[in-house]
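Undergrad: turn this into a model:
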Amino acid sequence: MEPLVSQLRQDYPDFVFTQGAAHCWSPKGHEIFYVPESPAGLLHELAHARLGHQTYSSDMELIHKEMEAWEEAKRLGERYGISLDVDYVEDCLDTYRDWLHKRSTCPICSSAGLQQQSRIYTCINCAATWRVTAARHVRSYRRTV
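TA: Here you go, the predicted model:
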């Protein structure tokens, strides 16, 4: 992994590569945090950086950016001789799909809801409205409005 990180530092001098406990792209500091055991995760975060991902305005936009980043990570993998496991990529994307499903499920009737604002959903069946948390990596809380 260290040869890859060294090469990436050379190829992308505008980004700071920092070993950490989790994978993360920090646009503010142009910093990519990576876990040494996962070159796929490193390439994924580099992809976010290369694509200029900074914020998102809707949950669907976040998922779209995640898919974009994995596609770019695959291209980067080809460039650096790293094959990304398709099942691993889909498992990662599934965590976002599951997160979206939980957030968009109506707490009253369990039908699908549509996002109206950044943290507000409305049910297409019973017209209930609920607020969701801003957090992505915690349990999805839904509170009716």
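
Undergrad: when you work out contacts or count neighbours from here on, use the C-alpha atoms and nothing else.
TA: Noted.

Undergrad: low pLDDT regions in the chain?
TA: The chain contains residues with pLDDT under 70 at 137-141.

Undergrad: which residues of it fall in strands?
TA: 16-19, 24-26, 31-34, 113-117, 120-123, 129-132, 142-144 (DSSP state E).

Undergrad: would you format those as JSON lines with mean neighbour count included?
TA: Listed next are these as JSON lines, based on neighbours: other Cα atoms under 10 Å:
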{"stretch": "strand 16-19", "mean neighbour count": "16"}
{"stretch": "strand 24-26", "mean neighbour count": "20"}
{"stretch": "strand 31-34", "mean neighbour count": "22"}
{"stretch": "strand 113-117", "mean neighbour count": "16"}
{"stretch": "strand 120-123", "mean neighbour count": "22"}
{"stretch": "strand 129-132", "mean neighbour count": "20"}
{"stretch": "strand 142-144", "mean neighbour count": "15"}
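
Undergrad: can you lay out those as TSV showing distance to residue 61?
TA: Output for those, formatted as TSV (distance: least, Cα to Cα, whole Å):
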stretch	distance to residue 61
strand 16-19	26
strand 24-26	17
strand 31-34	21
strand 113-117	11
strand 120-123	15
strand 129-132	16
strand 142-144	20
